[in-house]
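[1] sequence first, then the predicted structure, then my questions.
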Amino acid sequence: MKPDFKAAHVAAEFDHTAPLITCRFDPTGKFVFATAEDRAILRWDLADPKKKTVFSAHDSYVWAVALSKDGQTLVSAGGDDTLIWWPATAEKPEPQRKVTAHKGWIRSVAISPDGKHLASGGNDRLVKLWNLADGKMVQEFTGHELDVYSVTFHPDGKFLLSGDLMGKVHQWDLATGKSARVLDAKELHHYDKGQQVHFGGMRGLAVSPDRKHLACGGLHKATNPLGNVHEPIVQRYDWETHKLLNGLELPVPPRRHAHRRLRRRQRRAPALLGQGRREARALLQAPGHGPRNGFASRWSPDRHGPLCQETASDQARA
């Protein structure tokens, strides 16, 4: 049975006292995890939104989390150079392992399809591969010109993809440790001469379940980078040829205040949350800065616009 995207609605809300940064479902479907600006990692029970568990150990914001295939291990990546392994389902979770992994912020982590390895990328322009079981580094990949913003594995497990602030995606061959090819998504990078800053970057990567398309999410049209004035965009590429097939520009809601409520999707930059298992569709999220802002879009690769968009303000009026 095909999903009815137009029937999408808010099923539950999960509140916290500090603005949220990122969120993930666990593979078992029992919990949703999020991180917040009070440096906490949060776990809510999907069956009971009031049941919240707090994980505390990082000395900075936690920019990303990844979960093992069995849902028992959580790895968090912080702005404190550190990866932390946690017992994901423990009643009172304590760190199992801490690894000083990068110099500077660690912006993204991902677990391989076979569940054996963890990939990380950060502001030191490096991509690293780790054994999930013992936290030992397996490989280090160099070649990015600027900060690494996103990492993900190809579904076949042979390649690791990493995207950087320049809007470039490296396709790493895990067998050789070398870059097989590089995709240049130029629209996702902007250098502002007046403010003298690079802006944009590859904020999200996803390969479609049929392995025919690569979706890249980021920011463009930055008229005031330091003032956070920009537009989110998602571009779809042919996996084999790297030809740009289409792009989806997402409208930006007016900025009000930081979001402390999780509606099963929430992040400041546009991101690719996931894809349908049977159909090559993607669930996208765009910036939200208040309880009446932000939205989620469902996008099909065979059309240029979203299947539907649901805004927080729509839910408020409903």
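    Sure, I can see it. Residues are numbered from 1 along each chain as shown.
[2] so for stretch 52-68, mean pLDDT?
    Per-residue pLDDT over stretch 52-68 has a mean of 97.
[3] can you point out the buried residues in that stretch?
    Neighbour-count burial for stretch 52-68, counted by 16 or more other CB atoms under 10 Å, picks out 53, 55, 57-58, 61-68. In short, each C-beta sits where N, CA and C put it, glycine included.
[4] likewise for stretch 109-129?
    Those would be 109-112, 117-129, for stretch 109-129 by 16+ other CB under 10 Å.
[5] how about the helix or strand harbouring residue 128 as CSV, C-alpha atoms only?
    For residue 128, the element it lies in under DSSP states H and E is strand 127-131. Backbone C-alpha positions of strand 127-131 (Å, rounded to 0.1, in the frame of the first residue of the first chain) are rendered in CSV as follows:
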residue,chain,number,x,y,z
VAL,A,127,36.7,11.9,7.3
LYS,A,128,37.4,9.0,9.6
LEU,A,129,36.2,5.4,9.8
TRP,A,130,36.0,3.6,13.1
ASN,A,131,35.2,0.1,14.4
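[6] follow-up on the earlier one: now the buried residues of stretch 52-68 in a markdown table, with distance to residue 24 and secondary structure?
    As requested, the buried residues of stretch 52-68 are exported to a markdown table (distance: CB to CB, whole Å; DSSP: H, G, I helix; E, B strand; the rest coil):
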| residue | distance to residue 24 | secondary structure |
| --- | --- | --- |
| 53 | 15 | strand |
| 55 | 13 | strand |
| 57 | 18 | coil |
| 58 | 16 | coil |
| 61 | 16 | coil |
| 62 | 11 | strand |
| 63 | 12 | strand |
| 64 | 9 | strand |
| 65 | 6 | strand |
| 66 | 7 | strand |
| 67 | 7 | strand |
| 68 | 12 | coil |
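[7] can you put the residues you listed in JSON lines and add distance to residue 93?
    Formatted as JSON lines, the buried residues of stretch 52-68 follow (distance: CB to CB, whole Å):
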{"residue": "53", "distance to residue 93": "7"}
{"residue": "55", "distance to residue 93": "5"}
{"residue": "57", "distance to residue 93": "9"}
{"residue": "58", "distance to residue 93": "13"}
{"residue": "61", "distance to residue 93": "18"}
{"residue": "62", "distance to residue 93": "13"}
{"residue": "63", "distance to residue 93": "19"}
{"residue": "64", "distance to residue 93": "17"}
{"residue": "65", "distance to residue 93": "12"}
{"residue": "66", "distance to residue 93": "15"}
{"residue": "67", "distance to residue 93": "13"}
{"residue": "68", "distance to residue 93": "14"}
